[in-house]
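Participant: A structural model of the following input is requested.
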Amino acid sequence: MALRLSPARPVASTTALEQEIRFCRGQDGVRLAYAIHGSGPPLVVVSCWLSHLQHDWQSPVWRHFLDQLGDIATVVRYDERGFGMSDWIVDDFSLGARLSDLEAILAATGLDRFALLGMSGGSAVAMAYAIAHPERVSRLILYGTVCGEPVTWSPDAWAEEETYRSMIRFGWAREDPDFRRVFTKRFIPDATEEQMRWFDDLQRMSTSPANAVASRIARQQVDIDDELPRITAPTIVLQAVGDRSTTFDNAVSVSSRIPGARLVSLESRNHILLADEPAWSVFIKEVTVFLEPERRAHTEHAVNQPAEELSPRERDVLRLAAEGRTNDEIAVALTLSVRTVERHLSNTYAKLGLNGRVARAAAVAAYLKHQLD
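Facilitator: Residues are numbered from 1 along each chain as shown. Take a look at the predicted model:
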């Protein structure tokens, strides 16, 4: 467990059947929405461009990702600027702005060290973060990854791209999903009609046509290919061999540039793996095995029931700490001095057999797990 608890609110595990949505501000004031669910070591999912935290939670396309990742990790995910529950009124979709947003979200969660999962368009941000902050990324997972270099266009490819941008501008916001269905079939060609209708709806509710085009253009201009050899975190790259959105060649290019990266091919045509296809079982098995060192370390720090019963006041202090209150805020709420709050916390740590800088986070985890109140 590696949590920095002040001044940020601590990340606390939740059950796999619930999520907690929170908000913070980016460096330029953009409101950012993020969510936490699951249990285990922290896994930060760097958002792909089409997301909506609440809509995805009920999704027949995404729910198996959320449930099964939440079974093996405490998952932190977010809506990118301009998408989902984050602010839509933005004009900067550059890699620098998106990296700054990830840094703001991590500051809000209080996480010090964590595994990072970069999915699709979010993979460039994940790689950029791993380059900029190698000491904080314990493991790097890339799925459906983009290349680290700008897109170049042949005449035919450019004509196709212009068509896609025109379809977004003129068809994205329409109630009739015909234009959006073109993108749906590209992302999940083997989906059921129910799943395709859900993805049709996600596109319209996740962002505006202008944001969709601006974000698409910004992603195509990302240029970090020369920096990829600086990634030091153990890395696994997973890619569907038949994916038309980010081809297998992209994954080969990226994995060959990252020292020691392992490439796993997935037999699927879907950019978003579906729950009933064999490739999904391969994906979740590979990710589970890859994260096993973090899971073992997390288990070693797991806290049992206290050897000595906590006093009513100690339980009150711990309850407020679990809500993310600072010592000053706890003191005000309970009409105590800050020194008294610190003493109650120290007594609690001793009864739980905790010490060191992770003691507060572990005590909060014990409170949430065992309902010590």
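
Participant: what's the first helix or strand after the longest helix along the chain?
Facilitator: Across the chain, the longest stretch assigned as helix under DSSP state H is helix 155-171. Next along the chain after helix 155-171, taking DSSP states H and E as the criterion, comes helix 178-187.

Participant: please name every helix or strand in contact with that next one.
Facilitator: Applying 3 or more CB pairs under 8 Å, 6 or more residues apart in numbering; DSSP states H and E, one finds that helix 178-187 contacts helix 155-171, helix 193-206. No exception for glycine: its C-beta is placed from N, CA and C like everyone else's.

Participant: distance from the first one to the middle of the chain?
Facilitator: Meaning helix 155-171. 30 Å (CA atoms, centre = their mean, to the nearest Å).

Participant: contacting residues around it?
Facilitator: 153, 178, 179, 180, 182, 183, 209, 210, 212, 213, 216, 217 (CB atoms under 8 Å, 6 or more residues apart in numbering).

Participant: please pick the buried ones from those residues.
Facilitator: Neighbour-count burial within those applies to 179, 180, 183, 209, 212, 213, 216; the criterion is 16 or more other CB atoms under 10 Å.

Participant: closest to residue 78 out of those residues?
Facilitator: residue 212 (17.9 Å; CB to CB).

Participant: what about the closest one, helix or strand, and which?
Facilitator: Going by DSSP H and E, residue 212 is in helix 209-220.

Participant: tell me which helix or strand comes right after that helix.
Facilitator: The first helix or strand that comes after helix 209-220 along the chain, using DSSP H and E, is strand 235-240.

Participant: same question for the following helix or strand past that next one: list its buried residues.
Facilitator: Where DSSP H and E defines the elements, the next helix or strand beyond strand 235-240 is helix 248-257. Of the residues in helix 248-257, 250, 251, 253, 254, 255, 257 count as buried by neighbour count, 16+ other CB under 10 Å.

Participant: greatest separation within the contacts of helix 155-171: which pair is it?
Facilitator: Top of the distance list for these (CB to CB): 153 and 178, 25.8 Å.

Participant: just to revisit the earlier point, so can I have TSV of the helices and strands packed on helix 178-187 showing distance to residue 136, mean pLDDT and mean neighbour count?
Facilitator: Below are the helices and strands packed on helix 178-187 laid out as TSV (distance: least, CB to CB, whole Å; pLDDT from 0 to 100; neighbours: other CB atoms under 10 Å):
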stretch	distance to residue 136	mean pLDDT	mean neighbour count
helix 155-171	35	94	13
helix 193-206	28	94	18
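
Participant: what bits of the stretch 251-373 of the chain have low per-residue confidence?
Facilitator: 300-307, 355-358, 368-373 (pLDDT under 70).

Participant: now do the helices in it.
Facilitator: For the stretch 251-373 of the chain, the helices defined by DSSP state H, counting those that start in this stretch cover 278-290, 292-300, 312-322, 327-334, 338-352, 359-370.

Participant: which strands or helices does the fourth one pack on?
Facilitator: Translated: helix 327-334. Helix 327-334 packs on helix 312-322, helix 338-352, going by 3+ CB pairs under 8 Å, 6+ apart.

Participant: since that was my last question, I'll sign off now.
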